[in-house]
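Novice: predicted model and sequence below, questions to follow.
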Number of protein chains: 2
Amino acid sequence: MVFSSLPIGIFDSGVGGLTVYRALHDRLPNEHFIYLGDTARVPYGTKSLGTVERYAIENSEFLVSRGIKMLVVACNTASALALPKIRERIGIDVVGVIGPGGRKAVEITKGEPHARIGVIATEATVSSNAYFEAIRRASASAEVFQAGCPLFVPLAEEGWTEEPETYSIAAKYLSKMKEFSPHALVLGCTHYPILRDVIQQTVGENVKLVDSGEATAEEVETLLNEKGLANPNANTGKRQLCDDLDHFYVTDAADRFGRVAERFLGTKPSKLEAIEVYGVDELKGKK
Amino acid sequence: MVFSSLPIGIFDSGVGGLTVYRALHDRLPNEHFIYLGDTARVPYGTKSLGTVERYAIENSEFLVSRGIKMLVVACNTASALALPKIRERIGIDVVGVIGPGGRKAVEITKGEPHARIGVIATEATVSSNAYFEAIRRASASAEVFQAGCPLFVPLAEEGWTEEPETYSIAAKYLSKMKEFSPHALVLGCTHYPILRDVIQQTVGENVKLVDSGEATAEEVETLLNEKGLANPNANTGKRQLCDDLDHFYVTDAADRFGRVAERFLGTKPSKLEAIEVYGVDELKGKK
């Protein structure tokens, strides 16, 4: 088997990264994926730098051990905090979701003389300032305003995508964002695309929403082509989300993952396995 | 130091158990407490039996290693799933929150010829049927109706105790409960006492709310007296919540714990330390 025919690895703290999987799957029909949801240790957003780094490395090494040609860190918190450590440890290309999301927001507001870019995310991602820095690296003049929306994750997992309570909570969280009046708004958490309609209606139809997952899929496509890593074996026939070419692992509670996956993607993984990633490090005798 | 002058250990998956700490503290002014919040691995409610058992044992052994005379498992999920394993492993008295909560509900509805008892909890606690069984053990004739309220935990942690959205969500979650028209309603999750007013108003003033934490504190008091384990050294002066006689440990993110503690208790722990409990087992050479 040639290296370029290996699957792309994706990890997330839980089920949210499935929106990134969907974006990659839709954009790259010839690629296969291995997804790891660290459901035993979700959420990462409330955890410290050292802990998130340790979990991220364990997840990455697990995926590398299964044979992957590229790693996508779908989790915003891990992308914000752990990319340097992951890159130190594994020898393949690593793509996070924050750089692509930030760059995409700058790209689509290029026409504005004074671009205003909003970011909504978990409290941890907001405090990390990772999106702010990614946007500023791409455009020194862009004005950035961030807002934490802690209840959006549980609302998305409840599947409350049309409930009046969700609209009301969104109006509360986004009131200052509306005053800021952004040209583009980055959905800086993997769960937020599930609430896309609510968010769009709340901030107004003229605000361009940036799905970091979709932006990441675009950059992964470019990188695959640049490095000659696109899968040489074209898939015959139409790929389905969660079909048996893609393999899903969780560190705990596979049943619940399957249920929420169905809510998020409209279908359940056909290959879903519960595994352990703890102490992968120690087993290898590394520090 | 005599055994009975040791502190009482309390563990929870995170910050929610502070409501149980408060209940114990208020009822037992002569006792000292060591609280462990497993914030690195919260929440337990979405995790599997084996994982919850492992975490619960690690937490219990950590507390035993600090010197405690009794263990209170404040976490409903761990109380529902892991009490037998914990009792197998540690040699001191272990009190969970579910038994006391269930028994209290039966006790206060004794006057009713056909007692109807409602239970609200996380989805995991509801599916475990632990409250249902505890209630039925105390009264074979009680009718029980359970409802999961997944958004109550994040709402409590946001501090949204008076927001109209919280009332609206409560009305949604509790509509079938109101039809059931319970005589008593068990708050079967440590976070729910924070939303007590919302819940009481939603179900109506005639429904008796049972705070499992308060019920647990009562049973702990009885057990201390029965076993001669009450602290022989009376505290001089008035105890304050979170004063330096009580020691708080978290497995991660002490800052956030302090902030939410302030929201829940109106004060921050004066002694708060981040520690690791992982692999306590392995270190001890046990299996």
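Specialist: Thanks, I have it.

Novice: and residue A:278, what pLDDT?
Specialist: Residue A:278 carries a pLDDT value of 65.

Novice: need the pLDDT of the residue of the stretch 151-287 of chain A at minimum distance from chain B.
Specialist: Residue of the stretch 151-287 of chain A nearest chain B, by CB to the nearest CB: residue A:154 (4.6 Å). For glycine as for every other residue, the C-beta is placed from the backbone atoms N, C-alpha and C. pLDDT for residue A:154: 92.

Novice: residue boundaries of the strands in chain A?
Specialist: Shown for chain A, the strands assigned by DSSP state E span residues A:8-12, A:33-37, A:70-73, A:93-96, A:116-121, A:143-148, A:184-187, A:208-211, A:247-250, A:272-274.

Novice: contact partners for the spatially most central residue of chain A?
Specialist: Central residue of chain A (CA atoms, centre = their mean): residue A:74, 3.0 Å from the mean position. By CB atoms under 8 Å, 6 or more residues apart in numbering or on different chains, residue A:74 lies in contact with A:10, A:11, A:12, A:16, A:17, A:20, A:21, A:97, A:190, A:213, A:216.

Novice: enumerate the residues of the stretch 151-287 of chain A near chain B.
Specialist: Taking CB under 8 Å from any CB of the partner chain as the test, the list of the stretch 151-287 of chain A residues beside chain B reads A:151, A:153-155, A:157-158, A:163-165, A:168-169, A:172, A:252-253, A:256, A:274, A:279.

Novice: now intersect the contacts of residue A:74 with the helices, please.
Specialist: A:20, A:21, A:213, A:216 (DSSP state H).

Novice: from residue A:101, how far out is the first one?
Specialist: This means residue A:20. According to CB to CB, to the nearest Å, residue A:20 and residue A:101 sit 11 Å apart.

Novice: was I right about residue A:83 contacting residue A:75?
Specialist: No. With contact defined as CB atoms under 8 Å, residue A:83 does not reach residue A:75; the gap is 10.7 Å.

Novice: higher neighbour count, those two?
Specialist: The neighbour comparison of residue A:83 against residue A:75 (other CB atoms under 10 Å in any protein chain shown) goes to residue A:75, with 33 against 19.

Novice: thinking the more buried one is in contact with residue A:191, fair?
Specialist: No. Using CB under 8 Å, residue A:75 is not in contact with residue A:191, being 10.8 Å away.

Novice: how about residue A:257: what's its closest non-neighbour residue?
Specialist: residue A:250 (4.8 Å; CB to CB, 6 or more residues apart in numbering or on different chains).

Novice: tell me, how many neighbours does that neighbour end up with?
Specialist: Neighbour count of residue A:250, defined by other CB under 10 Å: 25.

Novice: show me what the longest helix along chain A is packed up against.
Specialist: Criterion DSSP H: the longest helix present in chain A is helix A:49-66. On a contact count with 3 or more CB pairs under 8 Å, 6 or more residues apart in numbering or on different chains; DSSP states H and E, helix A:49-66 meets strand A:8-12, strand A:33-37, strand A:70-73, helix A:76-89, helix A:280-283.

Novice: winner for burial among these?
Specialist: With neighbours taken as mean count of other CB atoms under 10 Å in any protein chain shown, these reach their highest mean count in strand A:8-12, at a mean of 28.

Novice: that strand pairs with which strands, parallel or anti?
Specialist: Strand pairing for strand A:8-12, determined by DSSP bridges: strand A:33-37 (parallel), strand A:70-73 (parallel).

Novice: could you dump those strands to JSON lines with mean pLDDT and distance to residue B:228?
Specialist: Formatted as JSON lines, those follow (pLDDT from 0 to 100; distance: least, CB to CB, whole Å):
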{"stretch": "strand A:33-37", "mean pLDDT": "98", "distance to residue B:228": "50"}
{"stretch": "strand A:70-73", "mean pLDDT": "98", "distance to residue B:228": "56"}
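
Novice: so residue A:106 makes contact with residue A:142?
Specialist: Yes. Contact criterion CB under 8 Å: residue A:106 and residue A:142 qualify, at 6.1 Å.

Novice: what sits in contact with each of these two?
Specialist: Applying CB under 8 Å, 6+ apart, one finds that residue A:106 and residue A:142 are jointly contacted by A:115, A:117, A:135.

Novice: can you give me the neighbour number for the residue nearest to the first one when sequence neighbours are not counted?
Specialist: Looking back up the chat, that one is residue A:115. Of all residues not flanking residue A:115 in the chain, residue A:109 sits nearest, at 3.8 Å (CB to CB, 6+ apart). Neighbour count for residue A:109, taken as other CB under 10 Å: 20.

Novice: likewise the one 4 residues further on?
Specialist: Other residues near residue A:113 come to 5 when the count uses other CB under 10 Å.

Novice: and if you look at residue A:13?
Specialist: Neighbour number of residue A:13 under other CB under 10 Å is 27.

Novice: likewise the one 10 residues further on?
Specialist: Using other CB under 10 Å, residue A:23 is surrounded by 24 other residues.

Novice: so it touches residue A:216, yeah?
Specialist: Yes. Between residue A:23 and residue A:216 there is a contact at 6.8 Å, judged by CB under 8 Å.

Novice: ok so, going back, joint contacts of residue A:20 and residue A:101?
Specialist: Contacts common to residue A:20 and residue A:101, judged by CB under 8 Å, 6+ apart, are A:212, A:216.

Novice: now do the helices in the stretch 101-250 of chain A.
Specialist: With helices called from DSSP state H, counting those that start in this stretch, the stretch 101-250 of chain A shows them at A:123-128, A:130-138, A:152-158, A:164-173, A:175-180, A:196-203, A:212-226.

Novice: will you turn those into CSV that also has mean neighbour count and distance to residue A:244?
Specialist: Shown next, in CSV, are the helices of the stretch 101-250 of chain A (neighbours: other CB atoms under 10 Å in any protein chain shown; distance: least, CB to CB, whole Å):
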stretch, mean neighbour count, distance to residue A:244
helix A:123-128, 20, 33
helix A:130-138, 21, 35
helix A:152-158, 22, 26
helix A:164-173, 19, 34
helix A:175-180, 14, 42
helix A:196-203, 18, 28
helix A:212-226, 20, 21
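
Novice: look up phi and psi at the nearest residue to residue A:47 once chain neighbours are set aside.
Specialist: Leaving aside its sequence neighbours, residue A:47 sits nearest to residue B:252 (CB to CB, 6+ apart; 5.1 Å). Note on residue B:252: backbone dihedrals following degrees, to the nearest 10 are phi -170, psi 160.

Novice: now do stretch A:246-258: everything it contacts.
Specialist: A:7, A:14-15, A:21, A:25, A:32-41, A:62, A:66, A:242, A:261, A:268-269, A:271-277, B:46-48, B:51.

Novice: let's see that with 6 Å instead.
Specialist: A:15, A:33-40, A:268-269, A:271-275, A:277, B:46-48, B:51 (CB atoms under 6 Å, 6 or more residues apart in numbering or on different chains).

Novice: ok now that stretch, how far from the chain's centre?
Specialist: For stretch A:246-258, the separation from the chain centroid amounts to 17 Å (computed by CA atoms, centre = their mean, to the nearest Å).

Novice: state the mean pLDDT of it.
Specialist: 91.

Novice: which parts of it are buried?
Specialist: Of the residues in stretch A:246-258, those buried by neighbour count under the rule 16 or more other CB atoms under 10 Å in any protein chain shown are A:246, A:247, A:248, A:249, A:250, A:251, A:252, A:253, A:254, A:256, A:257, A:258.

Novice: and the stretch 1-150 of chain A, which residues reach chain B?
Specialist: Residues of the stretch 1-150 of chain A lying near chain B by CB under 6 Å from any CB of the partner chain: A:40, A:46, A:47, A:48, A:51, A:150.

Novice: repeat that with 7 Å
Specialist: A:39, A:40, A:41, A:46, A:47, A:48, A:51, A:150 (CB under 7 Å from any CB of the partner chain).
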